[in-house]
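> Structure for this input, please:
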Amino acid sequence: METKSPTTKKVSKANQPAGRSKATSLEAQVYSQKGASLEKITLPKSVFGLSWNADLVHQVVVAMMANKRAGTAHTKDRSEVSGGGKKPWKQKGTGRARHGSSRSPIWVGGGVTFGPRIDKDYSQKINKKMRTKALFTVLSKKQSDSSILFLDTLSFNEMKTKEASNILADLSKVSGFEKINSKKATNMLLVLPNADKVVEKSFANLPGVTVGLVKDMSAFSAINFRYIVMVAPNESIALLESKLK
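Numbers count the residues shown, from 1 in each chain. Predicted structure coming up:
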C-alpha cells in the first residue's frame, strides 16, 4: 500500500509567531503636593522594570529580620544555677533513683536544656547585589501595582501636623491612592532624597505615615508599606541608581 509523505504547510511571515517585542519605556506621572498632575517621567528599567523574584525577596527579607533580632533571651544551664554542690543522697540503698546533683535539668530549679542563650548569633550575611536587587524587585512590583506616587516637591510654611494632614487629604484624591490617608501604621512610606526636619516632624504625629530617606530604603522597609510616596523623583531615582555602582 502506497503511503503519502506528510506535506509541510508553508507559514507566511504575517502568520509566524512574533519574537520578543521591544519593551515599552516605563513612564510615571508626577504630582504636586496638592494632588495635581504635572508631568510624566521615564523610569529606569533597571530599578522599576524587574520581574518578580519571590525567592530572592524572601531570602533577603528573612535575613534582614534575623539581623534585627536582639537575641537577649537567656536561660541558665546546669553550670550556672545555684546549689547542687552535694550529692542529694547516697548512690545505693535508699530505694530511690540515683542522682548526682540537684542542678540536673530533670530537677525543679535545675538548669535548662537547649534553652535560648545570649551568646547565640542570629545574624545572616547578605550580599550587596542581592540586597540591591531585592529592593529594586519590590519597587518594580509596587510600580506595576500602581502603589508608588511620585511627588514633585514637598514644602511647608511652618512645622504643622495640620499641614501634613491636609497634604494627605489632597493626595487621596489621586486615582488609586484613595486610602493613602489611612491611620494604619504600615500604610505609607514617605521617602525623601535628603533629610528635612520640618517634613519629618510635621508627619511625626500621623500614625499612617513613616518618613525615611532614599539611601536607607531596603526590601524589608519597602515591602511592609501599602504605598510609597517618593519626593523629588529625579534626585531620588538618581540615588537609587547609584546603588548599582
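> Sketch out the helices for the chain, chain order is fine.
For the chain, the helices defined by DSSP state H cover 45-48, 54-67, 128-144, 161-171, 197-203, 219-223, 233-242.
> okay, now residue 56: neighbour count?
Residue 56 is flanked by 17 other residues according to other C-beta atoms under 10 Å. Yep, even glycine has a C-beta here, placed from its N, CA and C like the rest.
> err, residue 209, not the other one
25.
> Please report the distance of it from residue 151.
Here residue 209 is placed at a distance of 13 Å from residue 151 (C-beta to C-beta, to the nearest Å).
> what residues does stretch 115-124 touch?
Here stretch 115-124 makes contact (C-beta atoms under 8 Å, 6 or more residues apart in numbering) with 62-63, 66-67, 69, 71-77.
> Just the CA coordinates for that stretch, please, in CSV.
What follows is stretch 115-124 as a C-alpha-only set of coordinates in CSV (Å, rounded to 0.1, in the frame of the first residue of the first chain):
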residue,chain,number,x,y,z
GLY,A,115,17.2,26.9,76.1
PRO,A,116,17.9,30.3,74.4
ARG,A,117,21.4,31.7,75.0
ILE,A,118,22.5,35.2,74.8
ASP,A,119,25.7,34.2,73.1
LYS,A,120,23.9,32.9,70.0
ASP,A,121,24.4,34.9,66.8
TYR,A,122,21.3,35.1,64.7
SER,A,123,22.8,37.4,62.0
GLN,A,124,23.0,36.4,58.4
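> what's the distance between it and the middle of its chain?
Remark: stretch 115-124 is offset 23 Å from the chain centroid, using C-alpha atoms, centre = their mean, to the nearest Å.
> Can you check which of the helices of the chain gets nearest to residue 100?
Across those, residue 100 has its closest neighbour in helix 54-67 (38.5 Å, C-beta to C-beta).
> what's the angle from the closest one to helix 128-144?
Calculated by axes from the mean of the first three to the mean of the last three C-alpha atoms, to 10 degrees, helix 54-67 forms an angle of 120 degrees with helix 128-144.
> Show me what helix 54-67 is packed against.
Contact here means 3 or more C-beta pairs under 8 Å, 6 or more residues apart in numbering; DSSP states H and E; on that basis helix 54-67 packs against helix 128-144, helix 219-223.
> Mean neighbour count, those helices: which tops it?
Stretch with highest mean neighbour count among these: helix 219-223 (a mean of 21; mean count of other C-beta atoms under 10 Å).
> Show the buried residues in the contacts of stretch 115-124.
By neighbour count, with 16 or more other C-beta atoms under 10 Å, the contacts of stretch 115-124 hold residue 63 as buried.
> pLDDT check: weakest of the contacts of stretch 115-124?
Within the set of the contacts of stretch 115-124, pLDDT is lowest for residue 71 (86).
> And that residue, how close does it get to residue 119?
Applying C-beta to C-beta, the value for residue 71 to residue 119 is 9 Å.
> Could you do residue 231 as well?
Separation of residue 231 from residue 119 (C-beta to C-beta): 43 Å.
> neighbour count winner among these two?
Taking other C-beta under 10 Å, residue 231 and residue 119 do not tie; residue 231 has more neighbours (22 against 6).
> what residues are up against that one?
Here residue 231 is in contact with 151, 153-154, 190-193 (C-beta under 8 Å, 6+ apart).
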